[in-house]
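Enquirer: Sequence plus the predicted model coming up.
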Amino acid sequence: NAGVTQTPKFQVLKTGQSMTLQCAQDMNHEYMSWYRQDPGMGLRLIHYSVGAGITDQGEVPNGYNVSRSTTEDFPLRLLSAAPSQTSVYFCASSYLMTGRETQYFGPGTRLLVL
Amino acid sequence: AQSVTQLGSHVSVSEGALVLLRCNYSSSVPPYLFWYVQYPNQGLQLLLKYTSAATLVKGINGFEAEFKKSETSFHLTKPSAHMRDAAEYFCAVRSTGTASKLTFGTGTRLQVTL
């Protein structure tokens, strides 16, 4: 199993540009989520999904869109990038079943918005 | 609402010394608690988790944590630090019935010196 994969590893954007961060998992996990990590702030939940076709907002959803058309993929879209979105983004996935809820994280995407 | 507080953003110990990283949680329902480790430029890896079974939880790499309901704490310890333990450590809480949503603390960076 590849686990949770994320592309790209690093991206530089100009203010106002759009882009999609890709996330895929091959563990048949129902739950997928996106976090951003900023110095001194830990990880904050952006959006999450409990299954294909079902998404919901986390703590910091503004400026980001998600969709979940398949169990495997959960892309994160930045429609109009802003410098405040400079961060490291992590995708994570897990089962929903109690006792199997450990989240597995991808290697991260480092985003710089100029 | 659920939250975690990690006391000390930086902790420095000598190799061979006791490691103690503090985590206090707030949850209105019985919590699930997790410790994750992040090595430089990598994603997060699960160290251990508490899911209402034994209050003393043993994890990987010699780490353990004790759930103390009376103190709302879940401190992480290791009897003898190694250089390879230098990393950032995150405590996280998930309240039962919240669809795997994790709330992270702000992290503690562990430095191990010779």
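Expert: Done, it's in. Numbering: from 1, shown residues only, chains lettered A, B, ... in the order given.
Enquirer: quick one, strands of the chain?
Expert: As the question left the chain open, I've gone with chain A. Secondary structure of chain A (DSSP state E): strands at A:4-7, A:10-13, A:19-25, A:31-38, A:42-51, A:54-57, A:64-66, A:76-78, A:87-94, A:104-105, A:109-113.
Enquirer: Chain B was what I was after
Expert: For chain B, applying DSSP E gives strands covering B:3-7, B:10-14, B:19-26, B:31-38, B:44-50, B:56-58, B:64-68, B:73-78, B:87-95, B:103-104, B:108-113.
Enquirer: Point out the residues in chain B that sit beside chain A.
Expert: Contacts of chain B with chain A, taken as Cβ under 8 Å from any Cβ of the partner chain, map to B:9, B:32, B:34, B:36, B:41-46, B:49, B:51, B:90, B:94, B:96, B:99-107. To be clear about C-beta, it is placed using only N, CA and C from the backbone, and glycine gets the same treatment.
Enquirer: Buried ones only from those, please, as a ChimeraX command.
Expert: To isolate the buried subset of the residues of chain B next to chain A in ChimeraX, counting by 16 or more other Cβ atoms under 10 Å in any protein chain shown, use the following:
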select /B:32,34,36,43,44,46,49,51,90,94,99,100,101,102,103,104,105,106,107
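Enquirer: middle-most residue in chain A, spatially?
Expert: Nearest to the geometric centre of chain A sits A:Trp34, at 2.8 Å (Cα atoms, centre = their mean).
Enquirer: Excluding chain neighbours, give the residue nearest to that residue in space.
Expert: A:Ile46 (4.4 Å; Cβ to Cβ, 6 or more residues apart in numbering or on different chains).
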